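[1] 3D, please:
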Amino acid sequence: MKKTITKILAAMLAVLMMASLVACAKKPDEELEINVYLLNGTTALGASKMIADAKADSDSMNYNFQTFAAADAITGAIVSGEADIAALPTNVAAKLYKNSEGKLQLLALNTLGVLHLLQNGGDEIDELADLKGRTIYLPGAGSNPEFITAALLESAGLKVGDDVILDTTSFNSPDALATAIASGVADLAVLPEPKVTVTMMNNANITKAIDFSAEWEKLNGENTLVQGCLVVNTAFAEEHPAEVKKFLEDYTASVEYIKEGSDDAIQMIVDAGILPKAPIAKKALPSCNLCSITGADMEPLMKVFYEKLYAYNPASVGAVPDADFYYVAK
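    Purely as a prediction, here's the structure:
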């Protein structure tokens with residue numbers, strides 16, 4: 001009888017020890033440096049509280065945030081592993097996944113649709129059909145704004161290049177295009193928030209002609225226009241699942257805090273260097289469509305987006321990503 005009790009106690013102790021080991025294995029390493037590369041703009045907004053906490057050394061993890069002006073500065077770093085997590089436009093993430101043969105995964109959707117067609121003078125534009133015979137200026141070629149605009153025009157029965165001209169070469173950045181429409185050099189321009197708010201604050205004659213998010217969702221469903229995302233280096237995610245889980249928890253909490261738009265949250269955005277002034281940040285924030293959509297919820301939304309862009313122009317995303325593209329914690 002004593003031997004039986006001893007065996008039972010030993011078995012129970014073994015189970016408890018195993019449970020303890022599993023719990024320890026799942027605890028994130030607070031000393032591990034996690035390099036997070038962000039794009040200066042809406043895709044970085046949601047991380048503003050995390051950036052503030054990291055600067056104040058009040059967070060529980062060792063996050064190292066760096067912000068860049070262009071995606072080109074980030075793409076090589078996330079593939080090589082120099083960056084562990086990065087913010088990118090959604091079409092760039094898909095192309096990079098294909099070209100790198102899976103060296104990154106989609107970690108979170110962080111920015112829904114933020115594109116608007118702005119107008120400065122000329123005949124009033126109320127709907128996509130009114131754009132026939134017009135030239136629309138976009139901030140550079142090969143970007144989400146170009147492909148989204150073209151797909152919407154085609155859906156309205158307008159042939160790009162014939163019925164509507166898309167000029168992607170005259171102004172190669174959002175800043176340059178914002179200056180052009182504010183000064184009257186361009187009369188129709190597609191810009192994202194927060195550039196929309198900044199441009200309209202600089203010139204009261206500029207109006208929002210068409211909300212591209214609303215137009216897209218009429219055709220394709222709610223939350224299917226997704227412009228910004230976070231990606232994770234695949235090897236890093238495989239080696240550090242507990243740290244990735246903690247990052248997602250912290251990031252989601254940061255997004256929710258920033259979305260509330262308190263004075264403290266607005267100051268965090270400015271202090272992070274993402275937007276230059278508090279009045280601009282406060283006015284633009286509600287239109288920036290911040291989100292934190294993760295796990296299995298990502299694929300249904302992104303599949304619609306990628307399929308629509310790929311159908312218009314395969315070069316826009318390279319290929320519609322397979323299921324392995326989406327990071328889902330196991």
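
[2] Any idea which residue is closest to the centre of this protein?
    Nearest to the geometric centre of the chain sits residue 228, at 1.8 Å (Cα atoms, centre = their mean).

[3] for the stretch 101-250 of the chain, what spans make up the helices?
    144-155, 174-183, 195-202, 212-220, 234-239, 241-259 (DSSP state H, counting those that start in this stretch).

[4] Of the ones you listed, which stretch is the most buried?
    Across those, averaging neighbours per residue (mean count of other Cβ atoms under 10 Å) puts helix 144-155 on top, at a mean of 22. In this view, the C-beta of every residue, glycine as well, is placed from N, C-alpha and C.

[5] Report the angle between that one and helix 174-183.
    Relative orientation of helix 144-155 and helix 174-183, computed by axes from the mean of the first three to the mean of the last three Cα atoms, to 10 degrees: 60 degrees.

[6] quick one, helix 144-155 and helix 212-220 angle?
    50 degrees.

[7] quick revisit: skip the chain neighbours and tell me the closest residue to the residue nearest to the centre of the chain.
    Closest residue to residue 228 apart from its sequence neighbours, by Cβ to Cβ, 6 or more residues apart in numbering: residue 111 at 3.0 Å.

[8] I figured that neighbour was touching residue 230, is that so?
    No - counting by Cβ atoms under 8 Å, residue 111 stays clear of residue 230, with 9.8 Å between them.

[9] which residues does residue 160 bridge with?
    Applying DSSP bridges to residue 160 gives these bridge partners: residue 164.

[10] Tell me how many other residues surround it.
    17 (other Cβ atoms under 10 Å).

[11] sorry, back to before: in contact with the residue nearest to the centre of the chain, which residues?
    Listed by Cβ atoms under 8 Å, 6 or more residues apart in numbering, the contact set of residue 228 reads 39, 42-43, 87-90, 109-111.

[12] Now do the contacts for residue 301.
    109, 223-224, 226, 293.

[13] Under the pLDDT cut-off, which ranges of this protein? List them.
    Within the chain, the ranges that satisfy pLDDT under 70 run 1-25.

[14] all strands for it, in order.
    For the chain, the strands defined by DSSP state E cover 33-39, 62-68, 85-89, 104-112, 115-119, 135-137, 165-167, 188-192, 207-211, 226-233, 290-294.
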